[in-house]
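Peer 1: This is a predicted model, with the sequence first.
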Amino acid sequence: MTAPVVEARGVSRVFPMQAGAVTALADVSLRVSAGEYLSIVGPSGCGKSTLLHVLGCVDVPTAGALRFQDRDVATLPDAERSRLRLREIGFVFQRFFLLPMLTAWENVELPQAEAGIARAERRARTAELLDYVGLAARAGHRPSELSGGEMQRVAIARALANRPRLLLADEPTGELDQTTGGQVADLLDRLHGDGTAVVVVTHDAVMAERAPRLVHMRDGRIVEDSTR
Amino acid sequence: MFAASRPRAATWGLIAALLVSVPLVAAPAEAPGILISRQLAEARHLAVGDEVRLAAEPSGTASRQFRVVGIYEPTPDPLRFAQPPLDVRLHLPDLLALTGDPADAASQDAVTAINVALADPADADAFARDVAGRLPGVTARATSSPDARTNTFVVIERFHTAIAFVTVLGSAVFLLALMVMLVDERRSTVAILRLMGFTRRRILLQVCAEGALIALVGAAGGVLFAIAVQGLFNRFFQWRYDTALVFLRVTPAVVWRSLVIAVPLGIGASLAASWSLLRRTGAGLHR
Ligand SMILES: Nc1ncnc2c1ncn2[C@@H]1O[C@H](COP(=O)(O)OP(=O)(O)OP(=O)(O)O)[C@@H](O)[C@H]1O
Ligand SMILES: [Mg+2]
């Protein structure tokens, strides 16, 4: 078995709320190996997004351990976790979350600039990525001038900017029609083919079927984990 | 040498008497010369060479004949700018003759105040002590020391400081509200940046730089505006009160002080506004 990119062991996430604590994750263990492709499915509110945030070092579990490339995330200071997100993890969301004041090109270039990549290299990488997602011609356009599918492809290009080992996608096709959703799914397939570990949370059964490994969740727990 | 007329009852009497006097056509002998202020010349349509009668009493009794030998621009007096300086300058013997009581010989050579110029102004205090020691009953004081006149300005200065303080406080609150709105508007941007892996420090620095820039541009704009309007302001009030007084002057010290107050205030406001937001925005954008 290949080395894990990220591994959750007995992870729980409880949100202390005024009306009573909400247990979003209860004793979840999940190991994502390098270059793996898996889908997470389950009913609304079962904790899929919460798990994705924990795996992506955005959120910290209230119990259990999370190791990212063999580092205990709980002991990392905020700045270190930020660094991990910047260089090792890419995020794709249902609602794209592109920076509206920046062009497609700038959105893709920004994380590289923050990571300290040299200008020339940044340019080459940005051009390559926009080409990869089929949007080389739309580089100078702002998100408001792009369609949903195009925005999501820019978001994927941005997620890949610093060559992450792990791509986390939370319902990446949720706001797209079947055809454009299919294009985005194709892109994720290709990405996995190029060696990036991909974790997709989805409500779309067809999309989920594309991944060789399928994780079912219910009430904050993993109830089924199967690999075809 | 001319004795400066002082804004005292006697002077006002002189002026009042002047107002009832009329220029004469011919004078038997050459009348003593006087200087009158430009404002007085304009108010009474007087010119050099005109002869006038002056009296110490408003009733005009015991008036004397004088000839206008010059018109001068009075040194602006900030304490009197609201009243036009309708002043007359007489030779000291003429003034004494005019104001003295003929029945009282002592009044002929009595003065209430004289100005003494010192070779070294730093000797003023020593000189004053010396006078006090030699001439009991005579008070001597340096004109530059804080007396009643300058005290008025100390009060005005305090008043201005209080107004400035309230203004700055008000604008600081306004600025803070503005920054909170600005930062709040960018809540989602901050969340996206946090998700992408920007550190809190990095975002805070960015917001700080922006706050400093806004404050700097604002302060510079304010200073430029003040410089632009000071001419207009001065010209209006100089016209309004017919004086050469300068009412407003933007000095380097004023510029410096406004920058020193504005820039840290801007940075502070942006820091305060973004800090709480950054604390709340862990990096969650999933809602
Ligand atoms: N920040 C939060 N504060 C409080 N409760 C939260 C928070 N985030 C998630 N929860 C709760 O945790 C549970 C799991 O939420 P989560 O968003 O992970 O579900 P999900 O499986 O992604 O649902 P969906 O398919 O609708 O997106 C829910 O009950 C939710 O209300
Ligand atoms: Mg969700």
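Peer 2: Right, received. Where do you want to start? On a predicted model such as this, the values are computed, not experimentally measured, just so you know. Ligands and ions are numbered 1, 2, ... in the order given.

Peer 1: wait, doesn't A:Thr2 sit right on A:Arg165?
Peer 2: No - A:Thr2 lies out of contact with A:Arg165 (CB atoms under 8 Å); the separation is 11.4 Å. For every residue, glycine as well, the C-beta is placed using N, CA and C.

Peer 1: so what sits against both of those two?
Peer 2: Contact criterion CB atoms under 8 Å, 6 or more residues apart in numbering or on different chains; residues shared by A:Thr2 and A:Arg165: A:Ala34.

Peer 1: Please say which of the two ends up with more neighbours.
Peer 2: Taking A:Thr2 and A:Arg165 together and counting by other CB atoms under 10 Å in any protein chain shown, A:Arg165 has the greater number of neighbours (18 against 9).

Peer 1: pLDDT value on that one, please?
Peer 2: Model confidence at A:Arg165, given as pLDDT, is 94.

Peer 1: Please look at it and A:Val5 and confirm they touch.
Peer 2: Yes - using CB under 8 Å, A:Arg165 makes contact with A:Val5 at a distance of 5.1 Å.

Peer 1: okay, and the common contacts of those two?
Peer 2: Here A:Arg165 and A:Val5 share the contacting residues A:Ala34, A:Gln69, A:Glu88, A:Ala197, scored by CB under 8 Å, 6+ apart.

Peer 1: just those now: which is nearest A:Gly10?
Peer 2: Closest approach to A:Gly10 among the shared contacts of A:Arg165 and A:Val5 (CB to CB): A:Gln69, at 19.2 Å.

Peer 1: My read is that that closest one contacts A:Glu88, right?
Peer 2: Yes - using CB under 8 Å, A:Gln69 is in contact with A:Glu88, at 7.0 Å.

Peer 1: Over to the residue nearest to B:Ala41 when sequence neighbours are not counted: give its phi and psi.
Peer 2: Spatial nearest neighbour of B:Ala41, excluding adjacent residues (CB to CB, 6 or more residues apart in numbering or on different chains): B:Ile71 at 4.7 Å. Main-chain torsions, B:Ile71, degrees, to the nearest 10: phi -120, psi 130.

Peer 1: which residues touch B:Ile71?
Peer 2: B:Leu35, B:Ile36, B:Ser37, B:Arg38, B:Ala41, B:Leu46, B:Ala47, B:Val48.

Peer 1: Could you identify which of those residues has the most neighbours?
Peer 2: Going by other CB under 10 Å, B:Ile36 tops the contacts of B:Ile71 with 27 neighbours.

Peer 1: Check the secondary structure at it for me.
Peer 2: Here B:Ile36 is recorded as strand under DSSP: H, G, I helix; E, B strand; the rest coil.

Peer 1: Which strand residues bridge it?
Peer 2: B:Ile71, B:Val88 (DSSP bridges).

Peer 1: how close does it get to ligand 1?
Peer 2: Look at B:Ile36 and ligand 1: by CB to the nearest ligand atom, to the nearest Å, they are 85 Å apart.

Peer 1: Make a markdown table out of the contacts of B:Ile71 and add distance to B:Arg80 and pLDDT.
Peer 2: Output for those, formatted as a markdown table (distance: CB to CB, whole Å; pLDDT from 0 to 100):
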| residue | distance to B:Arg80 | pLDDT |
| --- | --- | --- |
| B:Leu35 | 18 | 93 |
| B:Ile36 | 16 | 93 |
| B:Ser37 | 11 | 92 |
| B:Arg38 | 15 | 91 |
| B:Ala41 | 18 | 92 |
| B:Leu46 | 21 | 91 |
| B:Ala47 | 25 | 91 |
| B:Val48 | 25 | 92 |
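
Peer 1: Need the pLDDT of residue 53.
Peer 2: This is for chain A. 94.

Peer 1: Chain B, not that one
Peer 2: Per-residue confidence at B:Arg53 stands at 90 (pLDDT).

Peer 1: related to what we said a few turns ago, I'd like to know which of the shared contacts of A:Arg165 and A:Val5 are part of helices.
Peer 2: Members of the shared contacts of A:Arg165 and A:Val5 lying in helices (criterion: DSSP state H): A:Glu88.

Peer 1: Can you go through the shared contacts of A:Arg165 and A:Val5 and name the buried ones?
Peer 2: By neighbour count, with 16 or more other CB atoms under 10 Å in any protein chain shown, these hold A:Glu88, A:Ala197 as buried.

Peer 1: With respect to ligand 1, which of the shared contacts of A:Arg165 and A:Val5 is nearest?
Peer 2: Using CB to the nearest ligand atom, A:Ala197 comes nearest to ligand 1 of these, at 19.9 Å.

Peer 1: Could you give the bridge partners of the closest one?
Peer 2: A:Leu166.

Peer 1: Would you state the predicted confidence (pLDDT) at it?
Peer 2: For A:Ala197, pLDDT reads 96.

Peer 1: Quick check: longest helix in chain A by residues?
Peer 2: helix A:178-193.

Peer 1: Same question for chain B.
Peer 2: When chain B is scanned for its longest helix (criterion: DSSP H), the result is helix B:200-241.

Peer 1: got the angle for the helix or strand following it vs helix B:200-241?
Peer 2: Note on helix B:200-241: by DSSP states H and E, the next helix or strand toward the C-terminus is helix B:252-280. With axes from the mean of the first three to the mean of the last three CA atoms, to 10 degrees defining the directions, helix B:252-280 sits at 150 degrees from helix B:200-241.

Peer 1: Determine if any part of helix B:252-280 is in contact with ligand 1.
Peer 2: No - for a cut-off given as CB under 6 Å from any ligand atom, helix B:252-280 has no contacts with ligand 1; the smallest distance is 11.0 Å.

Peer 1: Between A:Gln69 and A:Glu88, which contacts overlap?
Peer 2: With CB under 8 Å, 6+ apart, A:Gln69 and A:Glu88 have common neighbours A:Val5, A:Arg165.

Peer 1: neighbours around the closest residue to ligand 1 within the stretch 101-250 of chain B, how many?
Peer 2: Here the residue of the stretch 101-250 of chain B nearest ligand 1 is B:Ala191; by CB to the nearest ligand atom that distance is 12.2 Å. B:Ala191 has 21 neighbours, counted by other CB under 10 Å.

Peer 1: Same check on the one 10 residues further on?
Peer 2: For B:Arg201, the neighbour count with other CB under 10 Å is 12.

Peer 1: ok, residues contacting stretch B:257-277?
Peer 2: B:168, B:172, B:175-176, B:178-180, B:182-184, B:187, B:190, B:203-204, B:207-208, B:210-212, B:214-216, B:218-220, B:222-223.

Peer 1: Indicate whether the helix or strand hosting A:His53 makes contact with ligand 1.
Peer 2: Per DSSP H and E: A:His53 is located in helix A:48-55. Yes - for helix A:48-55 and ligand 1, the contact criterion (CB under 6 Å from any ligand atom) is met by A:Lys48, A:Ser49, A:Thr50.

Peer 1: same for chain B: which of those are within range?
Peer 2: A:Ser49 (CB under 8 Å from any CB of the partner chain).

Peer 1: A:Thr227: which of the residues of helix A:48-55 next to ligand 1 is nearest?
Peer 2: Nearest to A:Thr227 among the residues of helix A:48-55 next to ligand 1: A:Lys48, at 18.4 Å, using CB to CB.

Peer 1: Residues of chain A that sit close to chain B?
Peer 2: Taking CB under 8 Å from any CB as the contact definition, chain A meets chain B at A:49, A:53, A:58-59, A:78-79, A:82-87, A:89, A:91, A:93, A:97-99, A:110-111, A:114-115, A:158, A:170.

Peer 1: Nearest the geometric middle of chain A, what residue?
Peer 2: A:Leu168 (1.5 Å; CA atoms, centre = their mean).

Peer 1: Now do it, the pLDDT please.
Peer 2: Value listed for A:Leu168 in the pLDDT field: 96.
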